[in-house]
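J.: how would this look folded up:
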Amino acid sequence: MNFVKYNEKNHIEIQPAALVLSGLDQAERLEMHTLDGALVLLKDDMDEFEQVHAITALSRLAEGLKRDVCARHFENAPNEDALCVEDTEDGGILVSIGGTDLFELSGSTLEELEECGLSVELLVNLLLDLMEDEDED
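T.: Predicted structure coming up:
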């Protein structure tokens with residue numbers, strides 16, 4: 001559903017229905033987080049229960065975006081070249097190409113890599129670079 005609209009002054013308006021559906025219509029104040037390519041509105045001063053709900057909702061959004069990226073990649077590339085990264089039950093990732101599992105990293109291994117400055121995004125980008133280098137050879 002599309003609830004955001006631009007007015008003639010190029011400002012964003014959030015439709016009241018979107019605020020009601022999200023439960024943000026009851027909040028006294030909202031907190032806006034600016035991310036690279038995204039904005040997130042949250043209730044200001046959330047309790048732990050509300051934070052868990054927000055984390056769950058954001059995780060569902062992230063999963064949906066990852067599925068979209070994988071689906072587009074599979075549509076636009078031959079199966080043998082398609083790279084897909086999926087979450088595992090322990091918080092890790094499973095990396096596959098064209099439906100063939102390459103490797104799996106546990107959640108604890110990912111945490112250790114991130115502590116060293118290697119994010120999942122960087123890891124995936126490194127894999128894509130390696131795949132492109134092999135294609136050029």
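J.: Mind listing what's buried along stretch 22-34?
T.: Buried residues in stretch 22-34, counting neighbours by 16 or more other CB atoms under 10 Å, are found at 22, 27. C-betas here are computed from N, CA, C, even on glycine.
J.: List the contacts of it.
T.: For stretch 22-34, contacts defined as CB atoms under 8 Å, 6 or more residues apart in numbering pick out 16, 19, 39-45.
J.: Kindly recompute the last result at 6 Å.
T.: 19, 40-44 (CB atoms under 6 Å, 6 or more residues apart in numbering).
J.: Could you export these to CSV, including columns for pLDDT, secondary structure and distance to residue 104?
T.: Below are the contacts of stretch 22-34 laid out as CSV (pLDDT from 0 to 100; DSSP: H, G, I helix; E, B strand; the rest coil; distance: CB to CB, whole Å):
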residue, pLDDT, secondary structure, distance to residue 104
19, 85, helix, 40
40, 91, strand, 29
41, 91, strand, 35
42, 93, strand, 32
43, 92, strand, 36
44, 90, coil, 39
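J.: and which of the residues you listed is nearest residue 55?
T.: Set against residue 55, the nearest of the contacts of stretch 22-34 by CB to CB is residue 42 (10.5 Å).
J.: Outline the domain layout of this structure.
T.: Domain segmentation of the chain under automatic domain parsing yields 1-42, 46-136.
J.: Compare the mean pLDDT across those domains and name the weakest.
T.: The minimum mean pLDDT among the domains of the chain belongs to domain 46-136 (a mean of 75).
J.: What subset of the contacts of stretch 22-34 is buried?
T.: Among those, those that count as buried by neighbour count (16+ other CB under 10 Å) are 19, 42-43.
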